[in-house]
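>>> I would like to see how this sequence folds:
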Amino acid sequence: MGPSEREIRVGKVHHVPDASNLSPHPARPVEAVLFDFHGTLAQVEDPLTWVLAAAAACGATLDRGKATILADRLLTAGRAGGPLPHRVPPHLAEHWADRDLYAHSHRAAYTGLAATVHTDVEGLADALYDRLLQPTGWIPYPDTEPTLRKLHEAGVKVAVVSNVAFDIRPLFASWGLDGLIDGFALSYEIGRIKPDPMIFYRACGLLGVDPERALMVGDTPADAGAVKAGCAAFIVPAADPGKPNGLTSVLSLALPNQA
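Residues are numbered from 1 along each chain as shown. Purely as a prediction, here's the structure:
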């Protein structure tokens, strides 16, 4: 498609869910869309389900009241995919700093934080972490599949750019979405963390696309760091598991004549 058929503004960060009224000048064609993973394409399961499932994996059955209290305490301590911890104990500080660069540090940081919460369930900290590695521990947003499919069908290349310390490719395969993704730029494989421009450069390199013809879609200021690499950026609000997050609005920017 030519520039007049799919255009976005250069070097801008768009925060609005409805992009239909954006000025097309100056403009460039969109040849690729880069997506953040957590908070953009998928969300971790709700805290109560997370705790109940992890306890069950340890052979324990918790009543909902006890599980709810435990989930609240674990969220305060720090959950992968959840809010930042209220406090990082000194003995976990190094692992915390390296959590998105090394798999062992990611596991050590989050199991260590979970271990600060008292529980009678043996092995719960590791079981909670293991939920993160399973497709059932995540819920793709309802707009994810249709958005990725329309981009794929239109010939727009797609990459996932994530600060993550484990391989998320099996999750996409389990959800039947792997055929809609052309590349993965994962921080622990690349050795760079968003908003470092290099991770966005690498993603564009994987797709064979000039950064100035790529759009980064995410839910945090770190994702907007793509602007420093020459990409445009579009920020969507993170939503609760299973709730729409406005992701299809991306199509108004990437495929204005088809969205």
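>>> packing partners of the host helix or strand of residue 68?
Using DSSP states H and E, residue 68 falls within helix 64-77. With contacts taken as 3 or more CB pairs under 8 Å, 6 or more residues apart in numbering; DSSP states H and E, helix 64-77 sits against helix 47-57, helix 103-115. Heads up, the C-betas are built off the backbone N, CA and C, glycines and all.
>>> adding mean pLDDT, write these out as CSV.
Listed next are those as CSV, based on pLDDT from 0 to 100:
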stretch, mean pLDDT
helix 47-57, 97
helix 103-115, 98
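>>> quick check: which ranges of the stretch 51-200 of the chain have low pLDDT?
Of all residues in the stretch 51-200 of the chain, none has pLDDT under 70.
>>> what about the strands in it?
138-140, 157-162, 183-186 (DSSP state E, counting those that start in this stretch).
>>> surely residue 95 and residue 111 touch.
No: using CB atoms under 8 Å, residue 95 makes no contact with residue 111, being 9.6 Å away.
>>> was I right about residue 74 contacting residue 54?
No: with contact defined as CB under 8 Å, residue 74 does not count as touching residue 54 (9.5 Å).
>>> for residue 182, give its distance to residue 82.
If you measure residue 182 against residue 82 using CB to CB, to the nearest Å, the figure is 29 Å.
>>> again, but for residue 215
If you go by CB to CB, the gap between residue 215 and residue 82 works out to 27 Å.
>>> what ranges do the helices span in the stretch 101-250 of the chain?
Assigned by DSSP state H, counting those that start in this stretch, the stretch 101-250 of the chain shows helices spanning 103-115, 124-132, 144-153, 169-174, 187-190, 197-207, 221-224, 250-254.
>>> quick one: list the elements packing against the fourth one.
In terms of contact count using 3+ CB pairs under 8 Å, 6+ apart, helix 169-174 is assigned no packing partners among helices or strands.
>>> now it - C-alpha only, PDB.
What follows is helix 169-174, C-alpha atoms only, in PDB (Å, rounded to 0.1, in the frame of the first residue of the first chain):
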ATOM      1  CA  ARG A 169       6.500 -17.900  22.300                       C
ATOM      2  CA  PRO A 170       4.900 -21.000  23.700                       C
ATOM      3  CA  LEU A 171       2.100 -18.900  25.100                       C
ATOM      4  CA  PHE A 172       1.300 -17.500  21.700                       C
ATOM      5  CA  ALA A 173       1.500 -21.000  20.200                       C
ATOM      6  CA  SER A 174      -1.000 -22.300  22.800                       C
END
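>>> begin at 378 from now on, thanks
That works, and once the first residue is 378, the last one we named lands at helix 546-551.
>>> chain center to it, what's the gap?
Helix 546-551 has its C-alpha centroid displaced from the chain centroid by 14 Å (CA atoms, centre = their mean, to the nearest Å).
>>> what is the burial count for residue 441?
Neighbours of residue 441 under the rule other CB atoms under 10 Å: 11.
>>> fine by me, thanks again.
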